[in-house]
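>>> missing the sequence, but the structure's below:
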């Protein structure tokens, strides 16, 4: 992505507006690194696995007021992250599995906020607090973002594109469904004959051990 001064300014304003909106809704938002054109480019994890929090003490900033949050985007078009484990959790899957999960949710009549990254990952946002079911905790393509983790929100930039909503929170009345409802849909999708993804013994749960460095 090329970052001209005019584009950088316009994009920063959009990210700042989105951050303020989510903060007023009670979501613990954070500024994150972005992939090119700044002092933060190339920071560990920022390009390989997506953006990471800009502030090393990000966990101490989760109760920041919208007014303070607005100042974080004053000078740079930082990525927009939300810390998980307090208000929001997220179940992350591949795009192939995500399409099947989305279909299962539609069939079950359960609207869920869904975002997709340019890296081919889908994020299903849920209310916080439920662990991953044992049947899913060993699946190599399913990750739970809970306490100590974060996810990128639209319009966060990656190296080759921007995170976008597939189902906006407004469609769901900004209501976050139970994680268990989404996990039921994931279990249904995992058993779909269109997807041949065996269980793997390695657990992919993202927990509080995730480092912000």
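Perfect, thanks for sending it. Fair warning: this is a prediction, and the values are worked out from it, not measured in the lab.

>>> now what about the helix or strand bottoming out on mean pLDDT in the chain, what contacts it?
Comparing every helix and strand of the chain by mean pLDDT, DSSP states H and E singles out helix 5-24 as the least confident one, with a mean of 83. Applying CB atoms under 8 Å, 6 or more residues apart in numbering, the external contacts of helix 5-24 come out as 29, 31, 37, 64-66, 69-70, 72-80, 82, 153-157. Glycine gets a C-beta too; all of them are placed from N, C-alpha and C.

>>> could you rerun that using 7 Å?
The contact list for helix 5-24, computed with CB atoms under 7 Å, 6 or more residues apart in numbering, reads 29, 66, 69, 70, 73, 76, 77, 78, 80, 82, 153, 155.

>>> same check on stretch 154-161?
Outside of stretch 154-161, the residues within contact range by CB under 7 Å, 6+ apart are 1, 14-15, 32, 34-36, 47, 50-51, 79-80, 115, 117-119, 162-165.

>>> sorry, back to before: buried among the contacts of helix 5-24? Make that a PyMOL selection.
Those of the contacts of helix 5-24 that meet the burial criterion (16 or more other CB atoms under 10 Å) are gathered into one PyMOL selection, given here:
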select buried, resi 29+69+73+76+77+78+80+82+153+155
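
>>> which ones among the contacts of helix 5-24 lie within helices?
Using DSSP state H to define helices, the subset of those located there is 66, 69, 70.

>>> quick check, nearest of those to residue 132?
residue 69 (29.5 Å; CB to CB).

>>> flag the shaky bits of this structure, pLDDT-wise.
Across the chain, the stretches falling below the confidence threshold (pLDDT under 70) are 1-9, 36-49, 192-213.

>>> hang on, the earlier thing: distance to residue 88 added to the ones in helices among the contacts of helix 5-24, as a markdown table?
Putting the ones in helices among the contacts of helix 5-24 into a markdown table (distance: CB to CB, whole Å) gives the following:
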| residue | distance to residue 88 |
| --- | --- |
| 66 | 16 |
| 69 | 15 |
| 70 | 20 |
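
>>> residue contacts, the residue minimising distance to the centre of the chain?
Computing the C-alpha centroid of the chain and ranking residues by CA atoms, centre = their mean puts residue 151 first, at 2.8 Å. Contacts of residue 151 were listed using CB under 7 Å, 6+ apart, and they are 81, 82, 84, 90, 123, 145.

>>> gap between it and residue 52?
12 Å (CB to CB, to the nearest Å).

>>> for residue 14, same thing?
Counting by CB to CB, the separation of residue 14 from residue 52 is 21 Å.

>>> these two: which is more packed in?
Each of residue 14 and residue 52 had its neighbours counted (other CB atoms under 10 Å), and the higher figure belongs to residue 52 (23 against 15).

>>> quick one: the more buried one and residue 142, what's the gap?
When CB to CB is the yardstick, residue 52 and residue 142 sit 22 Å from each other.

>>> before we move on, what about residue 178?
Counting by CB to CB, the gap between residue 178 and residue 142 amounts to 17 Å.

>>> same check, this time on residue 132
Taking CB to CB as the criterion, residue 132 is separated from residue 142 by 7 Å.
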